[in-house]
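S.K.: test case, fold it:
(one chain, ligands or ions: 3)
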Amino acid sequence: MIQQELVELQIHAERAARLAGAILADGFGKPLETRSKVGMHNLVTQSDLQAEQAIVTSLRAVTPNATIMAEESGLDYGSDSLMWVIDPLDGTVNFAHGIPMFCVSIAAVQHGQIIVGVIYNPLLDEMFSATLGGGATRNGQPISVTQTTSLHESILVTGFPYNVAENPLGCIEQFSNIIRRGLPVRRLGSAALDLAYIAAGRFDGFWEAVLQPWDMAAGVRIVEEAGGRVTHYGNQPFTLSMNSIIATNGHIHNELSQALEL
Ligand code: IPD
Ligand code: CA
Ligand code: CA
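M.R.: Ligands and ions are numbered 1, 2, ... in the order given. Modelled structure (predicted):
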């Protein structure tokens, strides 16, 4: 796909993200109808569903043959090679508790390659966006990862899956390994924003044990275009079919990867 086609997809994704963002901003702080999905803390609100509907309608209008993978409605196969990967509200638990830390995440994927990524925080009106080979931006201005070269100077961010009590991949011990070093570690509650903040140079490194493609796809493209590095645990090349992630400024990647090993 040529750069101009990528930019067109990026414009479609940004438009859809703003539509969804307006729905989320409108619903934020109002009484909610929540219901649990799998597990007590895994919620879905009417805002997740309305935002997803707005994104799907907007993208369907401009790419009618694309496959759509959306968190709340699942997979809808289309006839062409383009796939949209959508998280209409990343940070639902924050949203449901009135914590202003959530976003919309939309990626375009073709032949397994993430070609466009857009993450939008409607409350701060921050649009993080990237195309493959085209660099990463925040509200249209280029962004890049930090230049921190060692783990002991780093500020990190992580998250925990809804089934954290089952300790998947030893995530509790991994967290303990890192905080025992005395490093500052934050937990924002939105994996997509965690990745956007790596790209914007707000954090040096991020790791999480169990994520879904819609949590990661847009952010991976944005981090890589901002000069960062993304792998699976153990430095294995990143693919959307794997569920763990390490994303860093590149310089601290091997050190963080080793520090997480149990
Ligand atoms: C969740 C957030 C959170 C991460 C969870 C995700 P949701 O997504 O990204 O930061 O720790 O693993 O499921 O449910 O708010 O879309
Ligand atoms: Ca999510
Ligand atoms: Ca979600």
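S.K.: from here on, contacts and neighbour counts on C-alpha atoms
M.R.: Fine.
S.K.: and the longest helix seen in the chain, what does it pack against?
M.R.: Looking across the chain with DSSP state H, the single longest helix is helix 3-27. In terms of contacts (3 or more CA pairs under 8 Å, 6 or more residues apart in numbering; DSSP states H and E), helix 3-27 is packed against helix 46-62, strand 103-110, strand 113-121, strand 126-131.
S.K.: would you map the strands across the stretch 101-250 of the chain?
M.R.: 103-110, 113-121, 126-131, 136-138, 141-142, 156-158, 185-186, 205-208, 229-231, 245-248 (DSSP state E, counting those that start in this stretch).
S.K.: of all the ones you listed, which lies closest to ligand 2?
M.R.: strand 103-110 (8.3 Å; CA to the ion).
S.K.: quick one: buried residues of the closest one?
M.R.: Neighbour-count burial for strand 103-110 flags 103-109 (criterion: 16 or more other CA atoms under 10 Å).
S.K.: what's the answer for stretch 250-262, then?
M.R.: 250-254, 256-257, 260.
S.K.: what helix or strand is residue 65 located in?
M.R.: For residue 65, there is no host helix or strand (DSSP states H and E).
S.K.: what sits against the residue of the stretch 151-262 of the chain found nearest ligand 2?
M.R.: Among all residues of the stretch 151-262 of the chain, residue 215 sits closest to ligand 2, at 4.4 Å; criterion: CA to the ion. Contact analysis of residue 215 by CA atoms under 8 Å, 6 or more residues apart in numbering lists 87, 90, 105, 191-192.
S.K.: can I get stretch 43-52 in PDB, CA atoms only?
M.R.: What follows is stretch 43-52 as a C-alpha-only set of coordinates in PDB (Å, rounded to 0.1, in the frame of the first residue of the first chain):
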ATOM      1  CA  LEU A  43     -17.200  -4.600  32.700                       C
ATOM      2  CA  VAL A  44     -19.000  -3.400  29.700                       C
ATOM      3  CA  THR A  45     -21.000  -0.100  29.800                       C
ATOM      4  CA  GLN A  46     -23.500   1.300  27.300                       C
ATOM      5  CA  SER A  47     -20.800   3.700  26.300                       C
ATOM      6  CA  ASP A  48     -18.500   0.900  25.100                       C
ATOM      7  CA  LEU A  49     -21.400  -0.400  22.900                       C
ATOM      8  CA  GLN A  50     -22.400   3.000  21.600                       C
ATOM      9  CA  ALA A  51     -18.800   4.000  20.800                       C
ATOM     10  CA  GLU A  52     -18.200   0.700  19.000                       C
END
